[in-house]
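> Give me a 3D structure for the following:
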Amino acid sequence: MTLAQPDVTVIIGAYEAMPYLVECLASVEAQTLDPTRIEVIAVDDGSQDGTGDYLEEFAARASMAVTVIRQENSGGPSGPRNVGLGKATGRYVFFLDADDRLGTQALERMVAMGDRNSTDVVLGKVEGVNRNAPKSMWGKNRDRTDVFTSNIKFTLSAQKLFRREFLERHGMRFDESLWTGEDALFTMEAYLRADGVSIVADHTCYYLVGRDDGKHVTKSGSYTLRFDSARALMGLLERMLPPGPKRDVLMVRPFLVTLLPQFGPVLLRQDETIRRTKFELAKPLMDAYWNEGVAQRLKVHERLRLELVAMQRPDLLLDVIQFIKDKKEPAPVLKKGATKLYLAYPHYRSRKAGVPDRVYLAEPREAKAYPGWREVPAETFLRAANRKVRRRLRRLKKKFTGPRGTAAA
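Have a look, this model is predicted:
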């Protein structure tokens, strides 16, 4: 008798996961989806703390199919996830970190959402436990969306439901050369290739647990790994999208989430060698990918710091970082009949510094918080644009016709 294909394969990569693994596996057992429709593939990545033994105990008593694979330590999360993905048989796969846990009904709700809308990726609401979790994308359930018209670019962790046939069709695997940010690369590629993305926002599907033993990957590793991660994600966007607004709106993510924190208050505590190295690592990324389309989508203090990195001006940047660290507020400067608002962070209008005024110009979404600023009505922009078009047409007419409308010689 042939066994029915599972609806979902839960892939758990585990390394030194005790005691967090206990609650993780309990959350899998507590799922409301029929156990016969769930497959678990757990990969112990060379743990020495009893993780592998506990996984095998769980496999022996669980009501669902559980496969335990024990291997030598691979050095990162990509290897175990790829091993699990290679063994999976479910219609969907879900990557569950061994120190996190699922919400009740998580798999049932996400599978139903994916089936109902025929989407390739399903996001379930994430809640943080002793750590921060993404929030901006959980406003409401969305049957079908994409990475350009929603905020899902700010949740690139791997803990999502992926249609397995879709992953196999595109040969998608995690990059084992990256020690951090490998999930961002994988998930962004999935967003870009997917035939639709769904969001379950009205039920907590995943609890992101902060470990107190310092072993969580986001808390460890050299700062150089963050530059590797940014470089990989920016390169993916360059390969998959032509230059233009779509690429720019996604490029905001690696600049804002991965690169900018390296040039925050931490820089004040680091020595000159590290500062110099960071600027050297950032330079090729700034040269290749920093442009006005990305810059205008950031707040002034974010744009200013990255502009100073692009200008290779650590001296000016340290002043700005100290200003922000001291929680000082920049003076607002209104111009053009109060329709333009500049925020006078350090070195504003300084000829010696040479930072263009446009870097300090607040975009409307930031400017509206300041009293006195007036938004220019859309029709004003249209009138100005029309005037420019008419002037250009008149110039072209003069160039190609004679004084009485005849063709110019």
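
> residue ranges with poor pLDDT in this structure?
1-3, 213-221, 377-390, 396, 399-409 (pLDDT under 70).

> center of it, which residue is that?
residue 154 (3.8 Å; Cα atoms, centre = their mean).

> how about that residue, phi and psi?
Main-chain torsions, residue 154, degrees, to the nearest 10: phi -100, psi 10.

> Give me the nearest residue to it, chain neighbours excluded.
Spatial nearest neighbour of residue 154, chain neighbours left out: residue 134 (5.5 Å); criterion: Cβ to Cβ, 6 or more residues apart in numbering. Any C-beta I mention is one placed from the backbone N, CA and C, and that applies to glycine too.

> which strand in this structure runs the most residues?
Longest strand in the chain, counting residues (DSSP state E): strand 197-209.

> can you give me the strands in the stretch 51-200 of the chain?
With strands called from DSSP state E, counting those that start in this stretch, the stretch 51-200 of the chain shows them at 65-71, 92-97, 101-102, 121-129, 142-145, 161-163, 197-209.

> Relative to residue 318, which of those is closest?
Nearest to residue 318, of all these, is strand 121-129, at 31.6 Å by Cβ to Cβ.

> what comes up buried for that closest one?
Across strand 121-129, burial judged by 16 or more other Cβ atoms under 10 Å covers 121-126.

> Quickly name whichever of those is closest to residue 347.
Of the buried residues of strand 121-129, the one sitting nearest to residue 347 (Cβ to Cβ) turns out to be residue 126, at 38.8 Å.

> What residues are bridge-paired with the closest one?
Applying DSSP bridges to residue 126 gives these bridge partners: residue 206.

> Pretty sure it sits against residue 154.
No - the criterion here is Cβ atoms under 8 Å, and residue 126 misses it with residue 154 at 11.2 Å.

> Overlap of the contact sets of the two?
Residues within reach of residue 126 and of residue 154 at once, by Cβ atoms under 8 Å, 6 or more residues apart in numbering, are residue 134.

> re earlier: tabulate the buried residues of strand 121-129 (a markdown table), appending distance to residue 15.
Formatted as a markdown table, these follow (distance: Cβ to Cβ, whole Å):
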| residue | distance to residue 15 |
| --- | --- |
| 121 | 26 |
| 122 | 26 |
| 123 | 25 |
| 124 | 24 |
| 125 | 26 |
| 126 | 21 |
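
> Among those, which one lies nearest to residue 253?
residue 123 (15.2 Å).

> number of nearby residues for residue 288?
Number of residues near residue 288 (other Cβ atoms under 10 Å) recorded here: 12.

> Make sure it is indeed in a helix.
Yes - with DSSP: H, G, I helix; E, B strand; the rest coil as the criterion, residue 288 is assigned to a helix.

> quick one: contacts for it?
So, once contact is read as Cβ under 8 Å, 6+ apart, residue 288 ends up touching 234, 238.

> Can you list the buried residues in stretch 342-351?
Buried, per 16+ other Cβ under 10 Å, within stretch 342-351: 342-343, 345-348.

> Count the residues that sit near residue 280.
11.

> What secondary structure category should be reported for it?
Quick answer, by three-state DSSP: residue 280 is helix.

> what's the spacing between it and residue 309?
For residue 280, the distance to residue 309 (Cβ to Cβ, to the nearest Å) stands at 11 Å.

> where does residue 314 fall, phi/psi-wise?
phi -60, psi -30.

> Near it, how many residues? Count them for me, please.
Neighbours of residue 314 (other Cβ under 10 Å): 18.

> Thanks a lot, catch you later.
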